[in-house]
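Asks: kindly generate the corresponding structure for this input.
(chains A and B)
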Protein chains: 2
Amino acid sequence: MTQDYKQVAAQKAKSLLEKIPSKWILAQVPSADEEPNAEEYLNRVLPSEEVEITSKSAAELLRLQEVGQLSAYDIAYAFCHRSALLHQLTNCCTEIFFDLAFQRAKELDAYFFQNKKLIGKLHGIPISLKDQINLPGITTAIGYIAPHISKEFEKKITHRSSENDMSLIAKILQDEGAVFYVKTTVPMAMFGGETSSNLGDTYNSLDRHMACGGSSGGEGALIGAGGSIIGLGTDIGGSIRIPSYVHGLYGLRASSNRFPYLDIANSYPNQIGVCSVVGPICKNIDDLILVSSVILGDPLCSVDPRHIPLKWDSSKLVGQSKIKIGFLKWDGEILPHPPILNNIEKLKETLCKSDSVFDCIDIDEKKIPVKLSTLGKLLLSLYSTDNFEEMEEFCKLSGEPFSKLFQQCFVRPGKVDTVSDFANKVGLKYEYQLKFDEIFQDLDCFIMPTYSTVCWKQGESDQIANFYTRALNVLDYTAMTFPVGKVDQNDTGYTRDNFTNSMDEKNWKYFNLDDQLGKPVSLQLVCKRYHEEQCCALVKKIRDIIERTT
Amino acid sequence: MTQDYKQVAAQKAKSLLEKIPSKWILAQVPSADEEPNAEEYLNRVLPSEEVEITSKSAAELLRLQEVGQLSAYDIAYAFCHRSALLHQLTNCCTEIFFDLAFQRAKELDAYFFQNKKLIGKLHGIPISLKDQINLPGITTAIGYIAPHISKEFEKKITHRSSENDMSLIAKILQDEGAVFYVKTTVPMAMFGGETSSNLGDTYNSLDRHMACGGSSGGEGALIGAGGSIIGLGTDIGGSIRIPSYVHGLYGLRASSNRFPYLDIANSYPNQIGVCSVVGPICKNIDDLILVSSVILGDPLCSVDPRHIPLKWDSSKLVGQSKIKIGFLKWDGEILPHPPILNNIEKLKETLCKSDSVFDCIDIDEKKIPVKLSTLGKLLLSLYSTDNFEEMEEFCKLSGEPFSKLFQQCFVRPGKVDTVSDFANKVGLKYEYQLKFDEIFQDLDCFIMPTYSTVCWKQGESDQIANFYTRALNVLDYTAMTFPVGKVDQNDTGYTRDNFTNSMDEKNWKYFNLDDQLGKPVSLQLVCKRYHEEQCCALVKKIRDIIERTT
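Replies: Prediction:
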């Protein structure tokens, strides 16, 4: 090794800043204490025309382009500028390529000028990509140092066949007119519920003292403060939902292989016991529906041999006459913090009271068919069957150690599974799925916590147990996290004398109203497998009711 | 072990005969030389009314019941009688329960009498089941001796939770009025392209000297001579298609988990590198479409967590305006026997000539994206990752050795894979799928051989290489084998001086026109993954054209 890995990381960080036009370099980056909330700061310092553009939905941006009031270039400029500043505040990007974005935007504008119509359903819409998505000529590093040392290392780590290959899902978006401009940070090998690696830490953009979630943490921070409105993340244990959650965004974890994963870099990519899924993180539900329908409506999806050939079906967006919705306040093991409990209760009241189609049913946590912790533990055991030996091999390439985050939150099992061990776990998963599915006998969907705390300080994710997201990956249910409110002064703690276990106690004692005040509270809506359209429709309906009643 | 395994086998065979009403016991079972063709023999010795019933399609049987001209009991009686004799001629059954069938038929007749309508879409239709399908109170043995020794052994081997559990697919059929009456033989652990185990051999019902195929061999023999019109088999390497093939039947291998596999007994059930699939074997294509639509149209399918939620879509049965159909005469490695080559050529001519919608395209065997032998070898390597240790364990329960057939055709790898070895194979499969899919760039579907010989003598399946079926399991394509003609005097050998390899030479030299004369020739129609409706529609269309032109 001719270079120390820390040197490589420093060089990478420096070269990234060099990709930002010098006029967009902040003379002094305000500290987190000075400017905790990057969103508010940017709204103040950026030109108001740009703030207006970045606050719009994709549908609005499309309409404004269609009537000639806005160009793709204007849009690209505003989002590039905002994300450039945001990167300096939160370290959310791993690749920056504004030049390519401007070039693409100009091509789109030229197309529109010539043809008097938009090129596709996402004409000029900036889309940010988690650093697992391959784009031609752009490095993919999935949180490792080695890809920044050599292209050969990159190929090895990302299983990328050539520098010019492109993830199928990116191709679909690009063909519809999307504009790519940044790729966003992940923890090493995507292991972590926050985002830090030997390349650096990424911070929550709503409160820069706080963790941005993970593993799609760069996406969360970027979209959270308006540096993007639509992004792609991946989720094998909560990696789309957690960053969405801590930033009050909409994040969809679809069932396995519904969104095409072809040519997306992944760690341990042929582990098929539980699949990482790719999916959208969005500022609002309408954009999430738009981008999902564009991807899943595209015949190109069938190019991926693993893709489940369920075309997006808009007719399923139309709700049933009466929807039985369950409310699971907690799992009987880790009690979520008061703002979460209160908001579940509030949402239930709101949905019951509204002359709505919802039939609200409490789910008794003592009657959950399989404990969420049992499912969560199986998940860990399914994706660690190789004893993380691939990670070890990839770390050796650069001489970097396992990331601190990994060491804090994961334990190596100590041996590589035999295929028979693995088959037993696969069998267990099937058994649990079958058993848990009973919950849908009397329900169409249910609400549950996404996490057991609203937010936590950077570096402290080991303080909170995370079975609420992980359990659903084993079950392979369709789940979306979505914002329902904000923490307020009334969200004080309940009195608790007894705890179910030490994790419960640790989590509960972590609650601090001052830290959480004003932060978004989000919940998960859970539907059966491959019910993405229904999940979207229901979240939209709930969002409408919340908006109407508050 | 208190009993020798051979004793258990002999007792099992005896007890099975005791389930047959004594009036249906043949005074003397004619030898294979005396009566090679069981179908012809049965048509001669059975009452003509019964022969008429067993020669009808399910649609006709439904219609005749609906107009009151035939009762479910009449139908059950005719099929039980015929299968009772057929079992004595070919040893095709592993469980016989005519009493339950008669009882069910009487209930159905009573229902019809009371309600003046049929109970469901399969009212009174006898359906035979491969001995992997669980029925309440009926043993499932999947070719092992041990389940016939104790219920505990059965549970262990079949992963059956209780004696009363029932495969989901059987429940769906039963709810629609199907009548179950027999379960049919399989080789030990379903390993084999013919059907023999320590419990005995099953013979081809069209020529009792010949192999009946495997592993759904009992189904093939039973349906082949009219003892059933619709049966369920399973296929992980050709097990539906091979028995269908040698009996001139329609056998559909659907893509993974389209038909629900829940609670079907299987060996190495949580091996998910390549899935065994369940599917129909039928006397005619219309019945195959009927039973497929009934199963895949049933909401109960969603009870299986692994089921792919693609509801049967009849609109896909309507053909496109122009269908590009490829013709792959051979794989460039093992040249099929002359009757097969001639029939591919004939079919091509027929489809071209007919004022049909088919656009016929030759596929150059040198341009196949991945060699079929490469795919076939990967298949073997995927399902032998446990070094067949489960089989060894189950054999030990009774003291039986590995079956002769297994020893003849399979080699134990010598070690259990690690999960990393397994992941590499899974990755290779994905790569091959991606590469092979290129074949569909210019084609909607293609015709290829199902096997490299039309038939072979019992016990000689090791003489023929079988990559034509196996390759498609790795690719996970939808494939149906269907009859196109019969071997005739003109199907003489081509002159060949060169062979591609020793398997090719061995296979070619195995050709003997006398053995094959008059036997059905079948081919495979191959469609993309999850194109079951299209595959059915195309085979039906081809069948119609063949019938019209011959």
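Asks: contacts and neighbour counts: CA atoms only from here.
Replies: Fine.
Asks: who in chain A is up against chain B?
Replies: Applying Cα under 8 Å from any Cα of the partner chain, we find that chain A lies next to chain B at A:269-272, A:303-306, A:308-310, A:385-386, A:416-420, A:422-424, A:426-427, A:430, A:433-434, A:437, A:530.
Asks: residues in contact with the residue in the stretch 301-450 of chain A that chain B sits nearest to?
Replies: Closest contact between the stretch 301-450 of chain A and chain B, by Cα to the nearest Cα, is at residue A:418 (4.1 Å). Residues counted as contacts of residue A:418 (Cα atoms under 8 Å, 6 or more residues apart in numbering or on different chains) are B:416-419.
Asks: closest to residue B:546 out of those residues?
Replies: residue B:417 (47.8 Å; Cα to Cα).
Asks: rewinding a little: chain neighbours aside, what residue packs nearest to the residue of the stretch 301-450 of chain A closest to chain B?
Replies: residue B:418 (4.1 Å; Cα to Cα, 6 or more residues apart in numbering or on different chains).
Asks: do the same with residue A:79
Replies: Nearest non-adjacent residue to residue A:79 (Cα to Cα, 6+ apart): residue A:227, at 5.6 Å.
Asks: what score does that neighbour have for pLDDT?
Replies: You'll see residue A:227 listed with a pLDDT of 98.
Asks: that one and chain B: what is the separation?
Replies: Distance, residue A:227 to chain B, using Cα to the nearest Cα, to the nearest Å: 36 Å.
Asks: for that residue, helix, strand, or coil?
Replies: coil (DSSP: H, G, I helix; E, B strand; the rest coil).
Asks: pretty sure it contacts residue A:77?
Replies: No. The pair residue A:227 / residue A:77 is not scored as a contact, 11.1 Å apart, by Cα atoms under 8 Å.
Asks: please identify which of those two sits among more neighbours.
Replies: residue A:227 (31 against 20; other Cα atoms under 10 Å in any protein chain shown).
Asks: phi and psi next, for that one.
Replies: phi -80, psi -10 (degrees, to the nearest 10).
Asks: got a list of what it touches?
Replies: A:54, A:79-80, A:82-83, A:86 are the contacts of residue A:227 under Cα under 8 Å, 6+ apart.
Asks: mind putting those residues into CSV with pLDDT and neighbour count?
Replies: Formatted as CSV, the contacts of residue A:227 follow (pLDDT from 0 to 100; neighbours: other Cα atoms under 10 Å in any protein chain shown):
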residue, pLDDT, neighbour count
A:54, 98, 24
A:79, 98, 26
A:80, 98, 27
A:82, 98, 26
A:83, 98, 31
A:86, 98, 24
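Asks: let's see which of the residues you listed end up in strands.
Replies: Per DSSP state E, strands hold no members of the contacts of residue A:227.
Asks: include distance to residue A:5 and secondary structure when you put the contacts of residue A:418 into a markdown table, please.
Replies: Below are the contacts of residue A:418 laid out as a markdown table (distance: Cα to Cα, whole Å; DSSP: H, G, I helix; E, B strand; the rest coil):
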| residue | distance to residue A:5 | secondary structure |
| --- | --- | --- |
| B:416 | 38 | coil |
| B:417 | 35 | coil |
| B:418 | 31 | strand |
| B:419 | 30 | helix |
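Asks: what is the nearest of those to residue A:8?
Replies: For the contacts of residue A:418, the nearest to residue A:8 is residue B:419 (33.0 Å; Cα to Cα).
Asks: and the residues of chain A next to chain B, which of them are in helices?
Replies: Counting by DSSP state H, the part of the residues of chain A next to chain B found in helices is A:419-420, A:422-424, A:426-427, A:430, A:433-434.
Asks: so how many other residues sit close to residue A:506?
Replies: 16.
Asks: any idea how far chain B is from it?
Replies: Counting by Cα to the nearest Cα, the gap from residue A:506 to chain B is 35 Å.
Asks: repeat that for residue A:184.
Replies: Using Cα to the nearest Cα, which is the criterion applied here, residue A:184 is 26 Å from chain B.
Asks: give me the phi and psi angles of the closest residue to that residue other than its chain neighbours.
Replies: Distance criterion Cα to Cα, 6+ apart; nearest residue to residue A:184, sequence neighbours excluded, is residue A:93 at 4.2 Å. Residue A:93 adopts backbone torsions of phi -110, psi 150, taken as degrees, to the nearest 10.
Asks: and for residue A:234?
Replies: phi -130, psi 160.
Asks: so who does the closest residue to chain B within the stretch 451-550 of chain A touch?
Replies: Here the stretch 451-550 of chain A gets closest to chain B at one residue, residue A:530, 7.4 Å apart by Cα to the nearest Cα. Residues near residue A:530 by Cα under 8 Å, 6+ apart: A:254-255, A:258, A:477-478, B:309.
Asks: what's the spacing between it and residue B:309?
Replies: 7 Å (Cα to Cα, to the nearest Å).
Asks: likewise for residue A:263?
Replies: Counting by Cα to Cα, the gap from residue A:263 to residue B:309 is 25 Å.
Asks: repeat that for residue A:249.
Replies: Counting by Cα to Cα - residue A:249 and residue B:309 are separated by 29 Å.
Asks: the more surrounded of the two?
Replies: Remark: of residue A:249 and residue B:309, residue A:249 carries more neighbours, 27 against 22, as counted by other Cα under 10 Å.
Asks: just checking, that one touches residue A:226?
Replies: No. At 10.7 Å, residue A:249 does not count as touching residue A:226 under the criterion of Cα under 8 Å.
Asks: what is in contact with the two at once?
Replies: Common neighbours of residue A:249 and residue A:226 (Cα under 8 Å, 6+ apart) are residue A:283.
Asks: just list the residues touching the residue in the stretch 251-400 of chain A that chain B sits nearest to, thanks.
Replies: Residue nearest to chain B within the stretch 251-400 of chain A (Cα to the nearest Cα): residue A:270, separated by 4.9 Å. Shown in contact with residue A:270 (Cα under 8 Å, 6+ apart): B:423-424, B:426-427.
Asks: list buried residues within these.
Replies: Among these, the ones that count as buried by 16 or more other Cα atoms under 10 Å in any protein chain shown are B:423, B:426-427.
Asks: can I get these in a markdown table including pLDDT and distance to chain A?
Replies: Written out in a markdown table, the entries for these read as follows (pLDDT from 0 to 100; distance: Cα to the nearest Cα, whole Å):
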| residue | pLDDT | distance to chain A |
| --- | --- | --- |
| B:423 | 96 | 5 |
| B:426 | 98 | 6 |
| B:427 | 97 | 6 |
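Asks: so which of those comes closest to residue A:173?
Replies: The closest of these, once distances to residue A:173 are taken by Cα to Cα, is residue B:427, at 25.6 Å.
Asks: ok, and the closest non-adjacent residue to that closest one?
Replies: Nearest residue to residue B:427, sequence neighbours excluded (Cα to Cα, 6+ apart): residue A:270, at 5.5 Å.
Asks: pLDDT wise, what is the one you found at?
Replies: 94.
Asks: can you read off the backbone torsions of it?
Replies: Per degrees, to the nearest 10, the backbone of residue A:270 is at phi -100, psi 20.
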